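> Structure, please.
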Amino acid sequence: MLDYLNILSSPSVVSEADEEILLKPFRHVETNPGKRTRTLLLQGFNEWFTSPQAKLDIIIQITEMLHNASLLLDDIQDNSDLRRGKPTAHKVYGVAWTINAANHVIELAHRLVESLGCDIATPTLHGILNAELINLYAGQGIEIFWRDTLKCPTEMEYIDMANKKTSGLFRLAIRLLIACSCECSAPPSSYITLVNLLGVYFQIRDDLLNLINEEYADAKGFAEDLEEGKFSFPIIHGINADMFDTRILDTLCQRPKTPGPKYEIIKYLKYTTKSLKYTVDSLEHLESLIRKEMVTLGPNHILEDIIGKLHVGKDLVYNL
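Numbers count the residues shown, from 1 in each chain. Here you go, the predicted structure:
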């Protein structure tokens, strides 16, 4: 018979071998990296903060862990088949294993916060992480609610959602950088405004490219947002442009998997409601606001280069 008393008197520890098993779904997405834009953004912001490289590396690691964990959950919630051109983790390892891996990684990120060694109290750092995770879950949750109840939000409601869901991890990283920084040349709120603008810009840009970009089609499938029934930025504009025309809502309800119905909606968004042009105009306006905020904060060649590469011009829509 086992010596239960001896076994259960010792601290419970997860072995390295067990942890590797538990994290297989996470490794699946981690070893298939994206463009690391978040990492580049953090390096750019640190030109203003000059946090020690060791602290910056930990914050980057925390952000990447949480981002990839959120992708695992996001792909389950959207029932996505592809992520970055490969089968999604839950299609390979199953839903239960993947959810457990995502939750495990979120807790590992909490542990990593404790290694930052900033002057600010550790509970405050955990508070920052928790606050932005709540924002992320709230943004994701309200977007799921819109999709599953076929409720089209207003543009303002969409912006609020994107600022929670997409800006949240950006904001988390910048707030940790500020907490660990020796000095800030501007009030912290100025950096938060910039990162909020960047997050919303990223989300709207992603929504547009999901509908019209071949590279996105290769990575996630053609116009996947229509297949998911998602109320993306151009879709919301198209619906609200003519509330009596239900063709977009009907298509979202059908969740089309074939290209034909998707092409019809994209043509409608381009030629009838002009929603694709409106989306590009909105991106250009956001980009101008981002650049104005950057001017007030001082020169930053890394961020200027990133914004230049992310620019979406009207020719992208006109050449469809």
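> What ranges does the stretch 101-250 of the chain have for its helices?
All helices of the stretch 101-250 of the chain, identified by DSSP state H, counting those that start in this stretch, fall at 122-149, 155-165, 167-180, 188-212, 214-220, 224-228, 233-241, 247-254.
> JSON lines please, covering the ones you listed and showing mean pLDDT, mean neighbour count and distance to residue 30.
To be clear about C-beta, it is placed using only N, CA and C from the backbone, and glycine gets the same treatment. Compiled in JSON lines, those are given as follows (pLDDT from 0 to 100; neighbours: other C-beta atoms under 10 Å; distance: least, C-beta to C-beta, whole Å):
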{"stretch": "helix 122-149", "mean pLDDT": "94", "mean neighbour count": "16", "distance to residue 30": "18"}
{"stretch": "helix 155-165", "mean pLDDT": "98", "mean neighbour count": "18", "distance to residue 30": "21"}
{"stretch": "helix 167-180", "mean pLDDT": "93", "mean neighbour count": "24", "distance to residue 30": "15"}
{"stretch": "helix 188-212", "mean pLDDT": "96", "mean neighbour count": "20", "distance to residue 30": "20"}
{"stretch": "helix 214-220", "mean pLDDT": "73", "mean neighbour count": "15", "distance to residue 30": "16"}
{"stretch": "helix 224-228", "mean pLDDT": "94", "mean neighbour count": "22", "distance to residue 30": "21"}
{"stretch": "helix 233-241", "mean pLDDT": "98", "mean neighbour count": "23", "distance to residue 30": "29"}
{"stretch": "helix 247-254", "mean pLDDT": "97", "mean neighbour count": "17", "distance to residue 30": "32"}
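> Which of the ones you listed sits closest to residue 56?
Among the helices of the stretch 101-250 of the chain, the nearest to residue 56 by C-beta to C-beta is helix 167-180 (7.3 Å).
> Do you know the pLDDT at residue 120?
At residue 120, the model reports a pLDDT of 69.
> The helices of the stretch 101-250 of the chain: which one's closest to residue 28?
So among those, helix 214-220 is nearest, using C-beta to C-beta, at 15.1 Å.
> any residues touching that closest one, and which ones?
Contacts with helix 214-220, where a contact means C-beta atoms under 8 Å, 6 or more residues apart in numbering, come from 80, 82, 83, 84, 85, 209, 210, 223, 224.
> what about the stretch 1-150 of the chain, any weak spots by pLDDT?
Scanning the stretch 1-150 of the chain for pLDDT under 70 picks out 119-122.
> before we move on, back to that, I'd like to know which of the contacts of helix 214-220 is nearest to residue 289.
Nearest member of the contacts of helix 214-220 to residue 289, counting by C-beta to C-beta, is residue 209, at 20.1 Å.
> Could you point out the helix or strand that follows the helix or strand residue 69 falls within?
Assigned by DSSP states H and E, residue 69 belongs to helix 53-78. Of the helices and strands lying after helix 53-78 in sequence (DSSP H and E), the nearest is strand 82-83.
> Okay, residue 47 and residue 305: tell me how far apart.
11 Å (C-beta to C-beta, to the nearest Å).
> How is residue 2 assigned, secondary-structure-wise?
coil (DSSP: H, G, I helix; E, B strand; the rest coil).
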